[in-house]
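Enquirer: I would like to see how this sequence folds:
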Amino acid sequence: MRVSEIYNKDVYSDSGQYLGEVREMIIDLERGEVSRILMEEPRSSSNDDLKKILQKKSVLYKSIKNVGDVVLVSDMGQKSAEVSNAETTDLLSR
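Expert: Sure, this is the predicted structure:
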């Protein structure tokens, strides 16, 4: 599956909670992999706004369990999607 096929799909946790719609992805170019999917597009380059989106409106790509009509993510992946300050700083500095 191509990454572009995931855009605009609804995202649900495996417990059925609607999380949003895939709007953006963070790609780790050094590793050649998608690291996170974002359910909100960054509207500004403010560190505070970006940090809020990363913490509250993103999930780890590796927590995706299935992609079909919707994107299904693990509840555990959703909880582990909380972003540490170090990770946020690293993502924002790229």
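Enquirer: ok, the most centrally placed residue in the chain - contacts?
Expert: Nearest to the geometric centre of the chain sits Ile37, at 2.4 Å (Cα atoms, centre = their mean). Listed by Cβ atoms under 8 Å, 6 or more residues apart in numbering, the contact set of Ile37 reads Ile6, Val11, Val22, Glu24, Met25, Ile26, Ser58, Val59, Tyr61, Ile64, Val71. Any C-beta I mention is one placed from the backbone N, CA and C, and that applies to glycine too.
Enquirer: and for Val71?
Expert: Ile6, Lys9, Asp10, Val11, Tyr12, Val22, Ile37, Ile64.
Enquirer: count of residues packed around the last one?
Expert: Neighbourhood size, Ile64 [other Cβ atoms under 10 Å]: 17.
Enquirer: what is the burial count for the residue nearest to it when sequence neighbours are not counted?
Expert: Of all residues not flanking Ile64 in the chain, Val73 sits nearest, at 5.5 Å (Cβ to Cβ, 6 or more residues apart in numbering). As a burial measure, Val73 scores 25 neighbours (other Cβ under 10 Å).
Enquirer: pop out the phi and psi values for Val73.
Expert: phi -120, psi 150 (degrees, to the nearest 10).
Enquirer: where does pLDDT dip in the chain?
Expert: The chain contains residues with pLDDT under 70 at 76-94.
Enquirer: quick one, helices of it?
Expert: When secondary structure is read from DSSP state H, the chain shows helices at 47-56, 75-79, 85-92.
Enquirer: picking up where we left off before, hey, what's the residue nearest to Ile64 bridged with?
Expert: Ser13, Ile64 (DSSP bridges).
Enquirer: that one against Ser13, yeah?
Expert: Yes. Using Cβ atoms under 8 Å, Val73 is in contact with Ser13, at 5.8 Å.
Enquirer: need the residues touching each of the two.
Expert: Common neighbours of Val73 and Ser13 (Cβ under 8 Å, 6+ apart) are Leu19.
Enquirer: report how many residues lie close to Val70.
Expert: 14.
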